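**Q** mind folding the following:
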Amino acid sequence: MRSSFIGSVLFIALAPAVVCADQPELVVEDCAVPRAGSYLVVRQGQRGDSPLGALHLETWSEDGSVRGRRFLRVGRHYSETSYQGRWQTLSTCRLTVTRVPQGSASSVLLTDQGSPRYGISTRVGDVVTEQWLPQPAGACKPSAMDGTVLSRQMGMTFADGAWTPNAVIQRETWSAWRMAGLAVSSYDGDGEVTAYQGRFLQDDNCVGRIRQRDTRGVNYSYAAILRADGTGYAYLQIQSDDLTVALLDRLAPDRESIVRFR
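**A** As a prediction, the model looks like this:
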């Protein structure tokens, strides 16, 4: 009986595996060489116990050098910094970006064409994701943003000594860098609908500020970077008790719906 049992076990163990003849073989494609150029980087997450939001306008050179400008909120603290750094390839589709004097770094994934698309901060204490968008060369002009802009975003509000989440969807109509919009918000489950008006104030080509005022008389301030191709913009709220970073998409212009501001 013992010999028969052992033989059965060996027979099962040595039985050949069944392989599907028509099963496709996994092929990993290489990515193109990382593309030099300028990029808009939208960052959001946590640094320690504080919410973090940031915008970068960053330019890569073919020699691996990096220069950029950063707009950063960590909790209630806001700062603007110019920086330099390096990008370095880790594999065909992944690289790192280091920045000084900030001491920050990112791990970035590339598209097949070699453009950075998504990243994460590798700074100790950060849990921060990044979205990278090409920023074409050229001047940002008021007429390029005319039309309708839509967005959705998650943010944080500081009240009673703690940060609580909020969510907002917006619809804006732009004309000559002025805007009128409607915001539908949820603050810790408490809904709100507010109309507002504002304008973009240019500092340096596509970089500037947005000032808005709603129908209740509340003022809002943002650092903003317009996309040079007119497809939208990104903003970072710089008020001390509200922190929102958002990417807003511009729809194809509809001249009949353009608001004429006085």
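
**Q** show me what contacts the residue positioned nearest the centre of the chain?
**A** Geometric centre of the chain, nearest residue: Val42, 2.8 Å, by CA atoms, centre = their mean. When contacts are counted by CB atoms under 8 Å, 6 or more residues apart in numbering, Val42 touches Ala54, Leu55, Glu130, Gln131, Leu133, Ala234, Val245, Ala246, Leu247. All C-beta spots, glycine's among them, are computed from the backbone N, C-alpha and C.

**Q** please, which helix or strand holds it?
**A** Per DSSP states H and E: Val42 is located in strand 37-47.

**Q** C-terminal to that strand, what's the next element?
**A** Helices and strands here follow DSSP H and E; after strand 37-47, the next one along the chain is strand 50-60.

**Q** buried set for that following strand?
**A** With burial defined by 16 or more other CB atoms under 10 Å, the residues of strand 50-60 counted as buried are Ser50, Pro51, Leu52, Gly53, Ala54, Leu55, His56, Leu57, Glu58, Trp60.

**Q** show me where the stretch 51-200 of the chain has strands.
**A** For the stretch 51-200 of the chain, strands defined by DSSP state E, counting those that start in this stretch occupy the ranges 65-74, 77-91, 94-100, 104-110, 116-121, 126-134, 147-159, 162-175, 178-187, 190-204.

**Q** where does the stretch 51-200 of the chain have low pLDDT?
**A** The model of the stretch 51-200 of the chain has no residue with pLDDT under 70.

**Q** before we move on, back to that, tell me the strands beside the strand holding Val42, with direction?
**A** Sheet partners assigned to strand 37-47 using DSSP bridges are listed as strand 50-60 (antiparallel), strand 126-134 (antiparallel).

**Q** let's see that strand as CSV, backbone CA atoms only.
**A** As requested, the backbone C-alpha atoms of strand 37-47 are provided in CSV (Å, rounded to 0.1, in the frame of the first residue of the first chain):
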residue,chain,number,x,y,z
GLY,A,37,10.7,71.1,-23.3
SER,A,38,8.5,72.9,-20.8
TYR,A,39,5.9,71.2,-18.6
LEU,A,40,3.1,72.3,-16.3
VAL,A,41,3.1,70.1,-13.1
VAL,A,42,0.1,69.9,-10.9
ARG,A,43,0.8,68.3,-7.5
GLN,A,44,-1.5,67.4,-4.6
GLY,A,45,-1.3,65.3,-1.4
GLN,A,46,-0.1,65.4,2.1
ARG,A,47,3.2,66.5,3.8
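
**Q** the inter-axis angle of it versus strand 104-110?
**A** In terms of direction (axes from the mean of the first three to the mean of the last three CA atoms, to 10 degrees), strand 37-47 departs from strand 104-110 by 120 degrees.

**Q** quick check: Arg171 vs Gln153, distance?
**A** If you measure Arg171 against Gln153 using CB to CB, to the nearest Å, the figure is 13 Å.

**Q** quick one: which of the two has more around it?
**A** Legend: neighbour count by other CB atoms under 10 Å for Arg171 and Gln153, higher for Gln153 (18 against 15).

**Q** who does Arg213 form a beta bridge with?
**A** Gln197, Asn219.

**Q** over to the residue lying closest to Asp249 once chain neighbours are set aside: give its phi and psi.
**A** Nearest-residue entry for Asp249: Gly232, 4.5 Å, with adjacent residues in sequence omitted and distances by CB to CB, 6 or more residues apart in numbering. Here the main-chain torsion angles of Gly232 (degrees, to the nearest 10) amount to phi 150, psi -160.
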